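Pasting a predicted model and its sequence here:
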Amino acid sequence: MKNLIATVSTTAVCFALAVFVALPSIAQVPDDHPAADPADVESVDAIIAAVYDVISGPAGQERDWDRFKSLFRPDAKIIPSGMRQDGQLYIRYMGLQEYVDVANPQFLSAGFFEVEIFRVQEEYGQIVHLFSTYESRRNADDEKPFTRGINSFQLINDGNRWWVVNIFFQGESPSAPIPAKYLPKG
């Protein structure tokens, strides 16, 4: 029995080490990935502000998609989710280019300005998770948003800068109103 426990323990350690060694380093970014403006990625606040800034603009204005991509890990996902009109849950996993291909025509045909109105942030080591409650408007000065929701950001700091790993989001709906704990107080 003692030999079996030692064998299982040794096997588990070897397996964990093999998986760890086989994982790519966070520093490995393809040469053709756009470089970020250091000011955009120097802090959590800066990278979140940059994400909202780069997707916002009036109808007809081309977004700076290289800046957008520079904020994200090359393998990051943009993941919209929610309820369809028929009550069925949907979720879609998009790479950065797929998101650009889907969003760009919409942004060119209609203005889109998204701002963070509240944040709940958790941190551990080099990772940060935050719920960023947003409001979206067609014009920056519209009195009321046409939609609200929560962006769930996963971020990592590689020792040099912050990266967006994923954004998983859901828009508010009658069946899923934003809870008070994720809204500004007062």
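Right, received. Where do you want to start? Quick caveat, the model's predicted, so the values are computed rather than measured. Numbering: from 1, shown residues only.

residues in contact with the closest residue to Ala39 other than its chain neighbours?
Leaving aside its sequence neighbours, Ala39 sits nearest to Ala46 (C-beta to C-beta, 6 or more residues apart in numbering; 6.3 Å). (Glycine included, C-beta is placed from N, CA and C.) Residues in contact with Ala46 (C-beta atoms under 8 Å, 6 or more residues apart in numbering) are Ala39, Asp40, Trp162.

Distance check, Ala46 against Ile127.
17 Å (C-beta to C-beta, to the nearest Å).

One more: Ser56?
26 Å.

Between these two, which has more neighbouring residues?
Neighbour comparison, Ser56 and Ile127: the larger count goes to Ser56, with 18 against 12 (by other C-beta atoms under 10 Å).

ok, now which ones touch that one?
Phe112, Phe113, Glu114, Val115, Ala140.

For the second one, what are phi and psi?
Right, Phe113. phi -130, psi 120 (degrees, to the nearest 10).

got a pLDDT number for Ala49?
Looking at Ala49, its pLDDT reads 98.

and the spatially most central residue of the chain, what element?
The centroid of the chain falls nearest to Ile167 when counting by C-alpha atoms, centre = their mean (2.2 Å). Using DSSP states H and E, Ile167 sits within strand 162-171.

Can you give me the end-to-end span of stretch 46-65?
17 Å (C-alpha to C-alpha, to the nearest Å).

Buried residues of it, list them for me.
Using 16 or more other C-beta atoms under 10 Å as the test for burial, stretch 46-65 gives Ala46, Ile47, Ile48, Ala50, Val51, Asp53, Val54, Ile55, Ser56, Gly57, Arg63, Trp65.

What is the nearest of those to Tyr90?
Closest approach to Tyr90 among these (C-beta to C-beta): Ile55, at 20.6 Å.

Pull the contacting residues for that closest one.
Contacts of Ile55 (C-beta under 8 Å, 6+ apart): Arg63, Phe68, Ala103, Phe107, Phe112, Glu114.

Return the member of these nearest to Asp31.
Closest to Asp31, out of all of those and judged by C-beta to C-beta, is Phe68, at 18.5 Å.

In this model Val54 seems to touch the closest one, though I could be wrong.
Yes: applying C-beta atoms under 8 Å, one finds Phe68 in contact with Val54, separated by 4.7 Å.

Helix, strand, or coil at Asp45?
Secondary structure, DSSP: H, G, I helix; E, B strand; the rest coil: Asp45 is helix.

so how far is Ile78 from it?
In terms of C-beta to C-beta, Asp45 sits 21 Å off from Ile78.

so where's the chain uncertain?
1-27 (pLDDT under 70).
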